[in-house]
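[1] after the sequence you'll find the predicted model.
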Amino acid sequence: MGSVLSQLPQIEDPNVLVGFNTADDAGVVKLTEDLALIQTVDIFTPVVDDPYTYGAVVAANSLSDVYAMGGKPICALNIMGFPQGKFDLSVMVDILKGAYDKAKEARTYYQRQRDEIRTVGVRISPSGENRHQRQCAAGR
C-alpha cells in the first residue's frame, strides 16, 4: 500500500499531524489546541474458527491501533462482509457479539453497522481522541 500511497499528492495541512505518508497505525488530525482525532481501519479475514472469538480479536486489534497512537477509543464503525446463503446468520450474530463485547470492554461504542454481502471479512474503523497529542509520530 505504501507504494500506492506514495504516488498521491501529499496533504499540505498543518492540522494533519499523521497522514498516509508514514507507516503509523492510524491517521491523526488536530481538532483544537488540545484535541486530535485518531482514525484507523483494519481488515481481517477469519483468523480463528470460533465466530465470537474472531469478532473479539478483530475489535481488539483494531482498537489497539488507537492506543498505539496514544489515544483513547471513543467509537467505532463496523463494516462487515458476509456472503448470503453461505453461513447461518447466527455466525454473523456471534461475530458481532464478540466485537461488541470487546469494544464495550474498552468503553467504545459502535455507531452503525454496514453490510457488504460479498465475502467474509470484518472491517472496523474506530476513531479516538488524544487530548495531549503525545505519542503521535508528529509529537515524538
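    That came in fine, so what should we check first? Numbering: from 1, shown residues only.
[2] what's the weakest-modelled helix or strand in this protein?
    Among the helical and strand segments of the chain, the one scoring lowest on mean pLDDT, DSSP states H and E is strand 109-116, with a mean of 62.
[3] any stretches of this protein with poor pLDDT?
    The model of the chain has pLDDT under 70 over residues 1, 111-140.
[4] give the residue farthest from the middle of it.
    Computed with Cα atoms, centre = their mean, the maximum C-alpha offset from the centroid of the chain is found at Gly85, amounting to 27.3 Å.
[5] residues of whatever helix or strand Val57 lives in that come out buried?
    Under the criterion of DSSP states H and E, Val57 resides in helix 51-68. By neighbour count, and taking 16 or more other Cβ atoms under 10 Å as the criterion, the buried residues in helix 51-68 are 51-60, 62-67. Where C-beta positions appear, they are placed from N, C-alpha and C, glycine not excepted.
[6] how near is the residue farthest from the centre of the chain to Gly98?
    Between Gly85 and Gly98 the distance, using Cβ to Cβ, to the nearest Å, works out to 22 Å.
[7] which residue ranges of the chain form strands?
    Taking DSSP state E as the test, the strands found in the chain are 16-18, 27-32, 35-39, 42-44, 72-81, 109-116, 121-129.
[8] how far away from the center of its chain is the fifth one?
    Yep, that's strand 72-81 we're talking about. The chain centroid and the centroid of strand 72-81 are separated by 6 Å under Cα atoms, centre = their mean, to the nearest Å.
[9] quick one, what contacts Asn15?
    Contact partners of Asn15, counting by Cβ atoms under 8 Å, 6 or more residues apart in numbering, are 29-31.
[10] can you name the residues bridging to the spatially closest residue to Tyr67 that is not a sequence neighbour?
    On the basis of Cβ to Cβ, 6 or more residues apart in numbering, the spatially nearest residue to Tyr67 that is not a chain neighbour turns out to be Pro73, at 7.4 Å. When bridges are taken as DSSP bridges, the partners of Pro73 come out as Gly128.
[11] alright, calling it a day.
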